[in-house]
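Asker: predicted model follows, preceded by the sequence.
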Amino acid sequence: MIVELHIIQNFAPSNLNRDDSNAPKDCEFGGYRRARISSQCIKRSVRRHPAFADAVKSAGGETGIRTKRLKTRLVELLTEKHKKPAEEADKAAAAVIDLLGFKLAEAEKTEYLLYLGEGEVKELANIALASWDGLTALEIGKDKKKKDAAPEALKQAQDALKSIVAKARKEARSYAADIALFGRMVADNKNMNVDAACQVAHALSTHKVEMEMDYFTAVDDLLPGEDSGSDMIGVVEFNSSCFYRYSAIDLNKLSENLGFNNDLLAATVKGYIEASVKAVPTGKQNSMAAQNPPGYVRVLVRKDGFPWSLANAFQKPVFAGRDGSLEEVSIARLEEYFTRLKKIYGSTSISCDASFNLYAENTESLEDLLKKVGESVTKEVTA
Amino acid sequence: MNSVLLIPCVGPMQSWGTRSRFQERDTEREPSKSGVIGLLCAALGRDRGEPVDDLAALKMGVRVDREGKLSKDFQTAQDVAVAGGGTTQDLLSNRYYLSDAAFLVGLEGEYALLEKLHFALGHPVWPLFLGRKSYVPSDPFFRHDGLLSEFSLQDALLTYPLLISHEELNRRVKAAEKGQNENIRMIFEANKTTHEVRNDQPKSFALGRREFGQRYVITRNEDIARFQPQKEESDVPVAIEP
């Protein structure tokens, strides 16, 4: 089961995502140079948009937190919730982190940011409680020679910790919603890896794009009156593009990653769509302010088969002209291409097709679209 | 006689790495066998830890219908742990990819297995992509007429229509007549040692135990004029059965 999201969005002059030479990213497609926003840039702005977190929290889910302060959080749980003495809790928490394979750096923080859900932290606390005596007796010192040299008494606890993490990975496991969607890779502990349920394509412009330069000067405010000239000159590259954005969610994988919680699944999908529509990357926005909402959003829910990226509608680049603006022409091209694809590949696998179009007479609202999609997703997973 | 499964690999961006290390992610100039087998595993829903010997035993050939332009995607990641330990760093990586390329991949083997793979491509268990998850194809991997029984890999790749439009083919044939090199490059797996090695024969995809062997290939260049363009004058691939 797949949820496809197609967006046509035109941006005012901007440089939302740039490469190492500070030029807007680009790509060739259909023989012409196109503007591009990378997939990772889009994913980050979606992940950080409040619409996503709000939708998920309202369904009782959680979004992941990136933290180095795992030990602090564990100690908090053990002392407040489970009423363990602070000193013991401190030792136990340090032992759990050590047995998992992470190191504590200065100020009791893990060496790098771990991406965790609150539920996962609770689970670690429970494991600590189960092996309390052994853990509190373990001295975590800097002179540990071998990498995983746990004392005999705790080898069992360590195996239990690691096997619980491994087993949990195979069983129904509820990860935080953004980890469930976008995946996670932890080098130290491969069992914590989560495969992403969502696929986000790089956004490509529907038309060919030229590089544009903004020649700027910066003048010294305290320049003496008779002098002229600027103290800094340079060039900033930018362009104005109409993008086709595509992403697809594998509902079965997302459901698995969310522990088969159907309410949370629908909320995550709706939150993701809303955030995708509203989020804009922040590159150079202080000087460009290209905050342009999309003119066209289409969501398909597919029971089976394979998903369709409609990028090929724009193999021949579109041109603005008498037929309308870039956005209008792109929308028309996309809808016509989609209709032809349906004729050839059939549309029986499509169980929901919701869209809104800024340029159409009677169009639905974003609210309507999200409601329709949420209902369809719930219907498909409970069927 | 053996059968052949044809898989188009067409998209604005694709990447087939075989030699990447750390922050430099490379791509070969055509699909790698490890990448294609990974694609089939995703279609089948076969986990990384499971064996891939049956798929690795298939013989692979690639026809380059349009050479991709080697491009680079510059990526930054903040707050990443480094091997040396200590404070985190912001890491830069260069991810090379092929822009605007079109390939026809052929796999030769027994009909029964290829039939399963053909069906899986049309009903993939996990999302499919061209080397990296965000490189979504513009042409589907599934073709109704992509499964050929009693066919040799060579004949299949020589006779199946090109994945380009009439317009593009005409333009390239004219350019070839004027002397430009518009030959269609084809890469076949060789039965013996040749001077072209590929380090992409998959032995295992298991996490932490990934292993790839070597295979040898032969490159051929064919005159573009001997090929047919897509059956219909459109940018939508045509199915033979509705």
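Answerer: Thanks, I have it.

Asker: so what's residue B:61 up against?
Answerer: Residue B:61 sits next to B:105-106, B:108, B:153-154, B:157, B:186-189 when contact means C-beta atoms under 8 Å, 6 or more residues apart in numbering or on different chains. (C-beta placed from N, C-alpha, C; glycine too.)

Asker: and residue A:254, by the same measure?
Answerer: Counting by C-beta under 8 Å, 6+ apart, residue A:254 touches A:180-181, A:197-198, A:265, A:268-269.

Asker: keep only those of those residues that are in helices.
Answerer: A:180-181, A:265, A:268-269 (DSSP state H).

Asker: pipe those residues into CSV and attach pLDDT, distance to residue A:227 and neighbour count per row.
Answerer: Below are the ones in helices among the contacts of residue A:254 laid out as CSV (pLDDT from 0 to 100; distance: C-beta to C-beta, whole Å; neighbours: other C-beta atoms under 10 Å in any protein chain shown):
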residue, pLDDT, distance to residue A:227, neighbour count
A:180, 87, 61, 31
A:181, 90, 57, 30
A:265, 90, 66, 27
A:268, 91, 60, 30
A:269, 94, 61, 28
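
Asker: which residues of chain B fall in strands?
Answerer: Using DSSP state E, the strands of chain B run over B:3-14, B:24-25, B:59-66, B:69-80, B:89-109, B:147-148, B:184-189, B:196-204, B:211-222.

Asker: deepest of those, which one?
Answerer: Among the strands of chain B, ranked by average contacts under mean count of other C-beta atoms under 10 Å in any protein chain shown, first place goes to strand B:3-14 (a mean of 26).

Asker: ok so, going back, and the strands of chain B, which one averages the lowest pLDDT?
Answerer: When mean pLDDT is averaged over each of the strands of chain B, strand B:69-80 scores lowest at a mean of 89.

Asker: relative to it, what are the paired strands and their orientations?
Answerer: Looking at strand B:69-80 with DSSP bridges, its partner strands are strand B:89-109 (antiparallel).

Asker: ok, so of the ones in helices among the contacts of residue A:254, who is nearest chain B?
Answerer: residue A:181 (12.3 Å; C-beta to the nearest C-beta).

Asker: quick one: contacts for that closest one?
Answerer: Going by C-beta under 8 Å, 6+ apart, residue A:181 touches A:196-198, A:249, A:254, A:257, A:268, A:272.

Asker: residue B:5 now?
Answerer: Residue B:5 makes contact with B:106-107, B:109, B:114, B:117-118, B:146-148 under the criterion C-beta under 8 Å, 6+ apart.

Asker: so how far is residue B:142 from it?
Answerer: From residue B:5 across to residue B:142, the span is 10 Å (C-beta to C-beta, to the nearest Å).

Asker: where do the contact lists of the two overlap?
Answerer: Common contact partners of residue B:5 and residue B:142 (C-beta under 8 Å, 6+ apart): residue B:118.

Asker: wait, residue A:11 sits on residue A:209?
Answerer: No: between residue A:11 and residue A:209 there is no contact under C-beta atoms under 8 Å: 11.3 Å.

Asker: residue B:28: which of the contacts of residue A:181 is nearest?
Answerer: Distance to residue B:28 across the contacts of residue A:181 (C-beta to C-beta) is lowest for residue A:196, with 24.3 Å.

Asker: chain center to stretch A:275-287: distance?
Answerer: Taking C-alpha atoms, centre = their mean, to the nearest Å, one finds stretch A:275-287 lying 14 Å from the centre of the chain it belongs to.

Asker: one more: stretch B:192-203?
Answerer: In terms of C-alpha atoms, centre = their mean, the centre of stretch B:192-203 is set 16 Å apart from its chain centre.

Asker: what lies in contact with it?
Answerer: Under the criterion C-beta under 8 Å, 6+ apart, residues B:18-19, B:28, B:32-35, B:37-38, B:52, B:55-56, B:190, B:211-219 lie in contact with stretch B:192-203.

Asker: mind redoing it with 6 Å?
Answerer: If you take C-beta atoms under 6 Å, 6 or more residues apart in numbering or on different chains as the criterion, stretch B:192-203 is touched by B:18, B:32-34, B:37, B:52, B:56, B:211-218.

Asker: which of those residues are close to chain A?
Answerer: Applying C-beta under 6 Å from any C-beta of the partner chain, the subset of the contacts of stretch B:192-203 adjacent to chain A is empty.

Asker: closest to chain A out of those residues?
Answerer: The nearest member of those to chain A, counting by C-beta to the nearest C-beta, is residue B:211 at 15.8 Å.

Asker: circling back: tell me the two of the contacts of stretch B:192-203 that are most distant?
Answerer: For those, and using C-beta to C-beta, no pair is farther apart than B:211 and B:218, which are 24.5 Å apart.

Asker: residues in chain B within reach of chain A, list them.
Answerer: Neighbours of chain A within chain B, by C-beta under 6 Å from any C-beta: B:12, B:69, B:74-75, B:79, B:81, B:85, B:88, B:99-100, B:123-124, B:127, B:133-134, B:136, B:138, B:140, B:207-208, B:235-236, B:239.

Asker: re the thing from before, okay, the contacts of residue B:5 in a markdown table with distance to residue A:338 next?
Answerer: Listed next are these as a markdown table, based on distance: C-beta to C-beta, whole Å:
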| residue | distance to residue A:338 |
| --- | --- |
| B:106 | 30 |
| B:107 | 30 |
| B:109 | 35 |
| B:114 | 31 |
| B:117 | 28 |
| B:118 | 25 |
| B:146 | 23 |
| B:147 | 27 |
| B:148 | 30 |
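
Asker: just give me the closest of the residues you listed to residue A:344.
Answerer: Nearest to residue A:344 out of the contacts of residue B:5 is residue B:146 (C-beta to C-beta; 14.5 Å).

Asker: how about the closest one, nearest residue that isn't a chain neighbour?
Answerer: Excluding its sequence neighbours, the residue lying closest to residue B:146 (C-beta to C-beta, 6 or more residues apart in numbering or on different chains) is residue B:6, at 4.3 Å.

Asker: now do the contacts for that neighbour.
Answerer: Applying C-beta under 6 Å, 6+ apart, one finds that residue B:6 lies in contact with B:106, B:146, B:160.

Asker: what is the neighbour count of the closest residue to residue A:183 other than its chain neighbours?
Answerer: Nearest non-adjacent residue to residue A:183, counting by C-beta to C-beta, 6+ apart: residue A:196, 3.2 Å away. Neighbours of residue A:196 under the rule other C-beta atoms under 10 Å in any protein chain shown: 22.

Asker: one more: residue B:131?
Answerer: Residue B:131: 25 surrounding residues under other C-beta under 10 Å.

Asker: the one 5 residues further on too?
Answerer: If you count neighbours by other C-beta under 10 Å, residue B:136 ends up with 26.

Asker: equivalent analysis for residue A:122, please.
Answerer: 13.

Asker: in three-state terms, label the residue nearest to it when sequence neighbours are not counted for me.
Answerer: Using C-beta to C-beta, 6+ apart and skipping residues adjacent in sequence, the residue nearest residue A:122 is residue A:77, 6.7 Å away. At residue A:77 the chain is in helix, as set by DSSP: H, G, I helix; E, B strand; the rest coil.

Asker: confirm for me that residue A:77 is in contact with residue A:125.
Answerer: Yes: between residue A:77 and residue A:125 there is a contact under C-beta atoms under 6 Å: 4.4 Å.

Asker: can you give me the helices in the stretch 151-300 of chain A?
Answerer: Secondary structure of the stretch 151-300 of chain A by DSSP state H, counting those that start in this stretch: the helices cover A:152-170, A:177-182, A:251-257, A:262-278, A:285-288.

Asker: contacts made by the shortest one with the rest, please.
Answerer: Taking C-beta under 6 Å, 6+ apart as the criterion, the residues outside helix A:285-288 that touch it are residue A:14.

Asker: please work out the average pLDDT along that helix.
Answerer: What helix A:285-288 shows for mean pLDDT is 88.
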